[in-house]
Structures are given as structure tokens and as C-alpha cells.
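Enquirer: got a predicted model here, sequence first, then my questions.
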Amino acid sequence: MTRRPWVAAARRGWRRARPAAMTAAVTATGPARESEGVQGPSDMYSLAPGEPAVPAAPGGTGGPDSPGTASPDSTGGAADQLVIALDGFIDAGNVVSGTVSHLLSSLSHETVATFDVDALLDYRARRPRIRLEDNVVTGVRWRELVLERFRDLTGTPFLLLHGPEPDRAWQSLSAAIVGLAARLGVRQVVGLLALPAAAPHTRPITFIGTATRPALLPDRWPRFQAMEVPGALVTVLEHAFGLAGRDAITVVAQVPNYLSQADVPHAGAALIQEAGRLTSLSLPVDGLLRAAEGLDKALVSELASSPENAAMVAELERQYDATVAGAGEAGSVGPTVIPSGDELARQFQTFLAEREDDH
């Protein structure tokens with residue numbers, strides 16, 4: 001699906017750094033490596049040089065995938081929080097991938113482990129990028145699935161797993177990630193997702209989510225009845241961590257559906273802030289908020305020139321305000337006919353693409 005950026009100035013702020021999964025150095029083309037059969041969960045990743053083996057906790061088995069003591073970083077702190085941010089599953093507004101980009105550009109980080117993407121990705125669906133110079137293929141850029149150790153604004157360490165959501169071997173990979181997290185002393189896991197919703201961009205981003213225990217869910221999140229929906233690896237991992245006795249929660253940002261194909265940095269800032277509340281980490285958002293100013297100006301201009309879109313946003317605002325006030329249901333639209341999310345997206349994408357061409 002084509003991703004359309006909004007305005008060039010805001011795009012530079014939002015895209016200042018791409019995730020490691022997208023910016024691996026272009027390497028010289030070499031012979032293809034055939035994937036070997038995966039022998040066990042711990043074979044699916046490689047620890048970075050200098051990452052020590054962690055001894056098992058008292059009563060543990062001492063094996064590589066057994067719960068261990070917290071893994072100290074280079075300055076002696078223990079990273080007991082794991083944030084999971086994988087792209088490839090919807091990612092409305094490019095919020096999750098943009099969040100990773102922002103954290104990579106804003107905080108110090110180092111690689112802890114890398115995963116065997118040859119065993120996990122379908123390259124016909126996730127094709128590598130080829131570099132050409134004077135009609136010669138000079139390099140291939142591969143996707144990466146990486147676990148990195150970060151420090152927040154107060155110096156507190158945490159782990160971030162980022163990269164493409166794998167196409168295969170989810171059960172083996174889940175066992176590998178749960179085992180590695182135990183080995184590193186992780187005690188809490190937070191997954192990040194972003195889905196399109198019938199919500200106006202002029203109101204605060206709202207959240208829904210799931211957790212391994214109901215008590216972990218914030219009171220401000222809505223509850224829903226039993227249902228069955230397509231799964232994301234983030235939620236599969238949440239379940240796997242729960243079976244292993246670890247607390248895990250998945251936070252889902254609800255992004256205005258008419259902006260789901262654009263970059264929406266203010267939703268990224270809101271997602272980071274919500275993750276910070278769940279983990280007590282101090283995470284930066286100033287760069288995202290500055291980038292959001294460009295989108296806000298573009299949308300103000302569009303709504304001023306399009307009474308139809310302005311009426312649509314006003315109706316979404318009415319629904320939002322009524323829901324927050326408890327005065328009505330979110331799906332009650334009254335007499336106003338609201339275009340579908342796809343139609344709204346096409347209208348705004350055309351406008352945003354025209355602005356990009358002007359810059």
C-alpha cells in the first residue's frame with residue numbers, strides 16, 4: 001500500500017531518522033545464503049558482541065531460555081521494560097514506524113540481539129531495496145528485526161524490539177522472544193499498534209487495548225465484549241508472555257481514518273506519551289509535536305477550502321464530544337451522511353499530494 005507523506009517541512013521533522021529496520025547500510029551484493037532449519041527458539045536470534053550470558057535465577061534451570069536475573073547494561077542499570085513496535089500490520093498514519101524513527105533519533109541506543117530474517121520473512125512480499133549506480137547493482141538493503149537497549153530522558157534503560165512483522169514461524173519466534181526477554185530480566189511488556197477510527201484530528205487521540213490481566217488496563221480505555229479478530233504478532237506475543245507469567249499490554253492508537261495513509265506525528269506523540277504512562281518511562285515527544293504543526297496548518301487550509309470536508313470533521317467532532325460527555329453513542333451520526341473512510345482518505349491524499357508537489 002502506497003504511503004503518502006503530507007508536507008515537505010513536516011515530513012523532514014517526522015522522518016528525521018528511519019528505523020534500523022529500514023536504514024541498514026547498503027551492503028555489497030554477495031551470494032545468497034540459504035536459510036537453515038531452525039533447531040530451537042534460541043537459534044532464531046544472535047546476541048550482539050559483548051552481551052553477556054545471564055545466569056539463571058535461583059531455582060531456574062540455567063538454560064538459555066530460562067528466566068534469569070536482570071541483565072545489566074554497560075552502566076549497571078537493569079532494562080526490565082520491553083516495548084514492541086513492529087511495522088506491517090496496518091500501522092495507520094505510519095504511527096508505529098514513525099514512533100520508532102523518532103526514538104532512534106532522540107535517544108541513545110545499542111543493539112542487544114538480531115533475529116534471523118531469512119527464516120522469518122517472505123522476500124517476495126518484503127522485497128529488499130536494490131542500489132544501482134551507472135547501471136550496476138552495487139548493493140542490497142535488507143530488512144532487520146532488532147532488539148535494542150535505549151535510555152529514556154532520565155537515564156532509565158528499556159528495550160525496544162522493532163522491525164518488520166515476520167511472515168512465518170510466529171510460534172517459534174514467540175517462544176524465542178519470551179525466552180530472550182526472560183534471559184534479560186524483562187518484567188513488563190508493552191506492544192504498540194495504530195488502527196484507523198472514525199475520529200476527528202481536532203480532538204485528542206484515544207486508545208483501546210488488551211492485556212494479560214484486566215487489572216493492567218487503564219480505566220480510561222473502553223472495554224469490549226468477546227470477539228474474534230485477525231491477530232497481529234504483537235498481540236500473539238502478549239498472550240505468550242501471559243502464559244509465561246509476565247505482564248504484557250498492547251496499546252492501540254485510534255488514528256483519524258481519513259489520515260490513515262498520511263504521516264500523523266501528533267498521533268505518534270500521543271502513543272509515546274501513553275506508553276510512557278504505562279511504563280513510567282520518560283520519553284521525548286517535542287520533535288513529533290513540532291512536525292505535527294505542518295500537518296495542522298495543511299488541514300486548516302484544506303477545511304477552509306472544502307465545506308464538505310469541514311462538515312464531515314464537524315460531525316465527527318460532535319460524535320466525539322457526545323461520547324466523551326456520555327450523551328450519545330459514538331456511532332450515532334444523525335442526519336448527516338459521512339463519506340466512507342476510503343473516500344475521505346482519497347480526498348485528503350489528493351490534497352496532501354498536491355501540496356507535496358508544490359514543495
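Expert: Structure received. Residues are numbered from 1 along each chain as shown.
Enquirer: can you show me the helices along this protein?
Expert: Taking DSSP state H, the helices of the chain run over residues 8-14, 95-106, 170-184, 233-243, 265-279, 286-305, 307-325, 341-358.
Enquirer: pick out the shakiest of these, pLDDT-wise.
Expert: Among those, helix 8-14 has the lowest mean pLDDT, at a mean of 40.
Enquirer: how far away is Ala314 from Pro307?
Expert: Per CB to CB, to the nearest Å, Ala314 is found 10 Å from Pro307. In this view, the C-beta of every residue, glycine as well, is placed from N, C-alpha and C.
Enquirer: and these two? Which one has more around it.
Expert: Ala314 (14 against 9; other CB atoms under 10 Å).
Enquirer: could you pull up the mean pLDDT of stretch 110-119?
Expert: 96.
Enquirer: touching that stretch from outside, list them.
Expert: 33, 35-36, 38, 43-48, 51, 74, 142-149, 159, 163-164, 166, 168-169, 173, 176, 180, 184 (CB atoms under 8 Å, 6 or more residues apart in numbering).
Enquirer: chain center to it: distance?
Expert: 17 Å (CA atoms, centre = their mean, to the nearest Å).
Enquirer: show me what counts as buried in it.
Expert: For stretch 110-119, a neighbour-count test (16 or more other CB atoms under 10 Å) marks Thr111, Val112, Ala113, Thr114, Phe115, Asp116, Val117, Ala119 as buried.
Enquirer: with stretch 204-219 instead?
Expert: Under 16+ other CB under 10 Å, the buried positions of stretch 204-219 are Ile205, Thr206, Phe207, Ile208, Gly209, Thr210, Ala211, Thr212, Leu216, Leu217.
Enquirer: so which of the residues you listed sit within strands?
Expert: Using DSSP state E, the subset of those located in strands is Thr206, Phe207, Ile208, Gly209, Thr210, Ala211.
Enquirer: Ala194 versus the second one, what's the distance?
Expert: Here the criterion is CB to CB. By it, Phe207 lies 10 Å from Ala194.
Enquirer: overlap of the contact sets of those two?
Expert: Between them, Phe207 and Ala194 share these contacting residues under CB under 8 Å, 6+ apart: Val252, Ala253.
Enquirer: any idea how far Val236 lies from Val264?
Expert: Distance of Val236 to Val264, given as CB to CB: 26 Å.
Enquirer: ok, now Ile84?
Expert: Per CB to CB, Ile84 is found 20 Å from Val264.
Enquirer: the two: which is more packed in?
Expert: Counted by other CB under 10 Å, Ile84 and Val264 do not tie: Val264 has more neighbours, with 29 against 25.
Enquirer: what's the closest non-adjacent residue to Ile90?
Expert: In space, not counting the residues next to it along the chain, Ile90 is nearest to Leu195; the distance is 5.8 Å by CB to CB, 6 or more residues apart in numbering.
Enquirer: hang on, isn't that neighbour packed against Pro256?
Expert: No - assessed by CB atoms under 8 Å, Leu195 is found out of contact with Pro256, at 11.1 Å.
Enquirer: the two: which has the busier surroundings?
Expert: Neighbour count, other CB under 10 Å: between Leu195 and Pro256, Pro256 has more, with 27 against 18.
Enquirer: correct me, but the more buried one touches Val264?
Expert: Yes - contact criterion CB under 8 Å: Pro256 and Val264 qualify, at 7.3 Å.
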